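Undergrad: here are the coordinates; sequence isn't available:
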């Protein structure tokens, strides 16, 4: 059926993060973004090094082909060379819904 939720998708571009503060005293091996659609579906960016200006550039894209009622987007610090999914220290989180993503348009999310 045209226009049904089954045919909807959204493309998220995880471009960069600026002013990232890591609360730990340890220096992370890298920073990554985890997008949690539900308890069974998670997408993560590659782990990138935090610059001296406290910024990270990922340049990644994810396409969500369903309309999740809620979506959790987390920024995590990894202290291992090879991170294990979901094991990094949580340093930022955004809870949003499908409708909020659509209403946001092309504008970046910020605090």
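TA: That came through fine. Keep in mind the model is a prediction, meaning the values are calculated, not measured.
Undergrad: which helices and strands sit right next to the lowest-mean-pLDDT helix or strand in the chain?
TA: Ranked by mean pLDDT, DSSP states H and E, the helix or strand of the chain with the weakest confidence is helix 98-104, at a mean of 77. Other elements packing on helix 98-104 under the criterion 3 or more Cβ pairs under 8 Å, 6 or more residues apart in numbering; DSSP states H and E are strand 10-17. Quick note: C-beta positions are derived from backbone N, CA and C, even for glycine.
Undergrad: Centre of the chain to the strand it packs on, how far?
TA: Chain-centre distance of strand 10-17: 8 Å, with Cα atoms, centre = their mean, to the nearest Å.
Undergrad: swap in stretch 44-58?
TA: 12 Å.
Undergrad: What ranges does the protein have for its strands?
TA: 10-17, 30-36, 42-44, 56-64, 71-78, 89-96 (DSSP state E).
Undergrad: that older thread, name the residues of the least confident helix or strand of the chain that are buried.
TA: Buried positions in helix 98-104, judged by neighbour count with 16 or more other Cβ atoms under 10 Å: 98, 101.
Undergrad: just to revisit the earlier point, nearest to residue 23, out of the strands of the chain?
TA: strand 89-96 (6.6 Å; Cβ to Cβ).
Undergrad: Quick check: can you name the pairing partners of that closest one and their directions?
TA: strand 71-78 (antiparallel) (DSSP bridges).
Undergrad: Now the partner strand: buried residues?
TA: Neighbour counts over strand 71-78 (16+ other Cβ under 10 Å) mark 71, 73-78 as buried.
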